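>>> Prediction below, plus the sequence it came from.
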Amino acid sequence: MLFNSYQFIFIFFPAVLGLYFAISRWGRQARLGLLFTASMVFYGWWDARFLALLVLSMTGNFIIGQRLTVAARYDQVRAERFWLTVGVALNLLVLGAFKYANFFAANVDLLAGTHFSFGNIILPLGISFFTFEQIGYLVDIKRGHRYPADPLSYAVFVSFFPRLVAGPILRYSEIEPQLAPSTTPRPSVEDLAIGLTIFFIGLAKKSFLADGVGAYVLPGFSAAHAGNHVEFFTAWGSVLAYTCQLYFDFSGYSDMAIGAARCFGIIFPLNFASPYKSGNIIEFWHRWHITLSRFLRDYLYIPLGGNRHGKLRRYSNLLLTMLLGGLWHGANWTFVCWGGLHGIYLMTNHGWDAIAGRVSFIARLRATFCWRIIAWLLTFIAVVIGWVFFRSPDFTTAVHLLNGMTGGNGAVLPNALLSLPEPLRYALSSLGIRFGFGSGATFVSTYLWVAALLFVALTMPNTQELLARFSPALSGVPGAIKSPLYGRWSFSPGWAMAFGTVAFIGIISITRVSEFLYWQF
């Protein structure tokens, strides 16, 4: 079941929400039991066979967590290390078996000339997300967190349907206190208004914006995958369309998850903060998929040594963290390459910051408006190049596209543009731009969509900024990205009409049930 489906919006979600408040008078166990049952139905709607895997995963991790807690209580250091090792190893084994077994076999075949395969393995929805969350749970216990022995709270933490299949990546310390109160929750007008507003903003992002521009992603990527030469404008049009599609698709899902949870009075952490407004790659990773970034930092980069052992070790830790972060996204070398690119970007960014800190001229230059524009443009182009590998099914496709983006296959405009004034046509021809066959309507539609969506992403306030007065997420909005409309959302007829319109646009744009791009991770 998808958030952007009529079954979820008009049947499942309102039914669960109504039952949640109706049975709350029966106590905490009843309402948590309902959330767990509803989450199982939500997950099983896709494929009921994997419900057993989810239940076994949360049961096993809870038991290991209790063993870790006992070992920590009695200061049994060796037992702590043993149970943590067992827990992490089992989680990674399950993730590896479903997600990376055939990837490993294919690479062994390539190197050894064998023909080994595990067959067609179906990837369970959200396995990367709930595996990471449970590893974090075990590591936090080892680090000194003490949680009550409450299996139902833990089960709801792992399975809670608003974020079960595509994040955000939660920490038990964030959610457990919100599940613990014994007071009877009542429908909160504020929570419902905020939650539904965020949810329907996310729906409009997904069904109207992301799905709308999605059709213009295919021409360049499909042609490159088929081995055809892709010219400049087609390559850039497809890649920029994907840049917008991925942003609004994943940002939309994160909004819908945060909004749905808020309707139950549960607040999730922030996952997006206008990443395409970033002036450097470090800032980009503070804004893009924030919960994944902090997981990689706290549970991988810092344990590897972080920046505590010199610059060389710091840069190698950065690169390794991003390589593994890329592999987490999918069992394909293109994802590893994407992660490696961002690792190199981050190393370069940190190195540049170190130089700028010692050279006064560079420090003054970086404070100018022109430099900020240049820095933003360089950052954006670097991110776009990374998305080529992220979206491409193989390196050949990525190379074909990048060759087209650099003008290696020429640049062709539709014949319809021959009606341009002669001086302009002459100027274009002098730049090597030809006029040829192709759909002028597709060309114009592609770049109009891209221009409109980049305008929204770069100039409009994000969801968290609009509702910042009401603390829509656990993480605050950094001061550097506050917009002119920061905090203006309020309980008023005007805003109600505005977001009623947004909800209407989102609902009528559901022409088909389309999966979220991060659904596969």
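Now that the structure is in, tell me what you want to look at.

>>> And the helices in the stretch 151-300 of the chain?
Using DSSP state H, counting those that start in this stretch, the helices of the stretch 151-300 of the chain run over 151-159, 172-179, 189-203, 211-214, 218-225, 232-263, 281-287, 290-296.

>>> any idea which of the ones you listed is most buried?
Comparing the helices of the stretch 151-300 of the chain by mean neighbour count (mean count of other Cβ atoms under 10 Å), helix 232-263 ranks first with a mean of 26. C-beta: built from backbone N, CA, C; applies to glycine.

>>> The helices of the stretch 151-300 of the chain into JSON lines, with extra columns for distance to residue 326 and mean pLDDT?
What follows is the helices of the stretch 151-300 of the chain, written out as JSON lines (distance: least, Cβ to Cβ, whole Å; pLDDT from 0 to 100):
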{"stretch": "helix 151-159", "distance to residue 326": "25", "mean pLDDT": "94"}
{"stretch": "helix 172-179", "distance to residue 326": "26", "mean pLDDT": "90"}
{"stretch": "helix 189-203", "distance to residue 326": "26", "mean pLDDT": "93"}
{"stretch": "helix 211-214", "distance to residue 326": "23", "mean pLDDT": "92"}
{"stretch": "helix 218-225", "distance to residue 326": "19", "mean pLDDT": "93"}
{"stretch": "helix 232-263", "distance to residue 326": "15", "mean pLDDT": "94"}
{"stretch": "helix 281-287", "distance to residue 326": "13", "mean pLDDT": "95"}
{"stretch": "helix 290-296", "distance to residue 326": "10", "mean pLDDT": "92"}
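
>>> Include distance to residue 73 when you put these into CSV, please.
Output for the helices of the stretch 151-300 of the chain, formatted as CSV (distance: least, Cβ to Cβ, whole Å):
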stretch, distance to residue 73
helix 151-159, 18
helix 172-179, 18
helix 189-203, 37
helix 211-214, 51
helix 218-225, 54
helix 232-263, 32
helix 281-287, 36
helix 290-296, 26
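
>>> nearest to residue 103, of the ones you listed?
helix 218-225 (19.1 Å; Cβ to Cβ).

>>> how about the closest one as PDB, C-alpha atoms only?
C-alpha atoms of helix 218-225 as PDB (Å, rounded to 0.1, in the frame of the first residue of the first chain):
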ATOM      1  CA  LEU A 218      13.300   8.600 -19.800                       C
ATOM      2  CA  PRO A 219      14.400   9.900 -23.300                       C
ATOM      3  CA  GLY A 220      18.000  10.500 -22.400                       C
ATOM      4  CA  PHE A 221      18.500   7.600 -20.000                       C
ATOM      5  CA  SER A 222      16.700   5.100 -22.300                       C
ATOM      6  CA  ALA A 223      18.700   6.200 -25.300                       C
ATOM      7  CA  ALA A 224      22.000   6.000 -23.400                       C
ATOM      8  CA  HIS A 225      21.100   2.500 -22.100                       C
END
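
>>> Of all the helices of the stretch 151-300 of the chain, which one is nearest residue 11?
Per Cβ to Cβ, nearest to residue 11 of those: helix 232-263, 14.1 Å.

>>> can you state the direction angle for that closest one and helix 189-203?
Here helix 232-263 points in a direction 160 degrees away from that of helix 189-203 (axes from the mean of the first three to the mean of the last three Cα atoms, to 10 degrees).

>>> Any buried residues in stretch 27-40, and which?
Of all the residues in stretch 27-40, those buried under the rule 16 or more other Cβ atoms under 10 Å are 28, 31, 32, 33, 34, 35, 36, 38, 39, 40.

>>> Secondary structure element holding the fifth one?
It refers to residue 34. helix 28-44 (DSSP states H and E).

>>> Give me the contacts around that helix.
Contact with helix 28-44 is made by 1, 12, 16, 19-20, 23-24, 50-51, 54, 125-126, 152-153, 155-156, 159-161, 164-165, 179, 181-182, 185, 264, as judged by Cβ atoms under 8 Å, 6 or more residues apart in numbering.

>>> go again using 7 Å as the cut-off
For helix 28-44, contacts defined as Cβ atoms under 7 Å, 6 or more residues apart in numbering pick out 1, 12, 16, 19-20, 23-24, 51, 54, 125, 152-153, 155-156, 159-161, 164, 179, 182.

>>> cool, stretch 338-356 as well?
Contacts for stretch 338-356 (Cβ under 7 Å, 6+ apart): 280-282, 315, 318-319, 322-323, 325-327, 362-363, 366, 382, 386, 389-390.

>>> Stretch 104-111 now?
Under Cβ under 7 Å, 6+ apart, the answer for stretch 104-111 is 114, 115, 116, 117, 118.

>>> Could you provide those residues in CSV, with additional columns for pLDDT?
Shown next, in CSV, are the contacts of stretch 104-111 (pLDDT from 0 to 100):
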residue, pLDDT
114, 78
115, 76
116, 75
117, 72
118, 73
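
>>> Flag the shaky bits of the stretch 401-521 of the chain, pLDDT-wise.
417-418, 437-439, 476-487, 513, 518-521 (pLDDT under 70).

>>> Tell me where it has strands.
All strands of the stretch 401-521 of the chain, identified by DSSP state E, counting those that start in this stretch, fall at 411-414, 433-436.

>>> residue contacts, the residue minimising distance to the centre of the chain?
What sits nearest the mean C-alpha location of the chain, by Cα atoms, centre = their mean, is residue 289, with 4.6 Å. Residues in contact with residue 289 (Cβ under 7 Å, 6+ apart) are residue 271.

>>> Check which helix or strand the nearest residue to residue 301 once chain neighbours are set aside maps to.
Closest residue in space to residue 301, ignoring its immediate chain neighbours: residue 321 at 4.5 Å, by Cβ to Cβ, 6 or more residues apart in numbering. Using DSSP H and E, the element containing residue 321 is helix 311-329.

>>> coming back round to it: quick one: mark the members of the contacts of stretch 104-111 that sit in helices.
The helices, defined by DSSP state H, take in nothing from the contacts of stretch 104-111.

>>> wait, which of the helices of the stretch 151-300 of the chain is closest to residue 80?
helix 172-179 (17.4 Å).

>>> Using PDB, write out the CA atom coordinates for that closest one.
C-alpha atoms of helix 172-179 as PDB (Å, rounded to 0.1, in the frame of the first residue of the first chain):
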ATOM      1  CA  TYR A 172      14.600   4.500  19.600                       C
ATOM      2  CA  SER A 173      15.600   7.300  22.000                       C
ATOM      3  CA  GLU A 174      13.500   9.700  19.900                       C
ATOM      4  CA  ILE A 175      10.400   7.600  19.700                       C
ATOM      5  CA  GLU A 176      10.200   5.600  22.900                       C
ATOM      6  CA  PRO A 177       9.500   8.600  25.100                       C
ATOM      7  CA  GLN A 178       6.600   9.600  22.800                       C
ATOM      8  CA  LEU A 179       5.100   6.100  23.200                       C
END
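
>>> can you list contacts of that helix?
Identification of contacts with helix 172-179 by Cβ under 7 Å, 6+ apart yields 32, 137, 140, 145, 147, 153, 156, 157, 266, 267, 269, 474.

>>> Count the residues that sit near the fourth one.
The number of residues packed near residue 145 is 16, by other Cβ atoms under 10 Å.

>>> Which pLDDT value does the model give it?
You'll see residue 145 listed with a pLDDT of 88.

>>> Can you tell me how far it is from residue 155?
18 Å (Cβ to Cβ, to the nearest Å).

>>> Residue 117 now?
The gap separating residue 117 from residue 155 is 35 Å, by Cβ to Cβ.

>>> again, but for residue 420
64 Å.

>>> same deal with residue 511?
36 Å.

>>> go on, residue 8?
From residue 8 over to residue 155 (counting by Cβ to Cβ), the distance is 21 Å.

>>> for residue 498, same thing?
On the measure of Cβ to Cβ, residue 498 and residue 155 end up 38 Å apart.

>>> Specify the residue positioned farthest from the middle of the protein.
residue 422 (46.4 Å).

>>> any idea how far it is from residue 286?
49 Å.

>>> swap in residue 382?
15 Å.

>>> Residue 66 too?
If you go by Cβ to Cβ, the gap between residue 66 and residue 286 works out to 35 Å.
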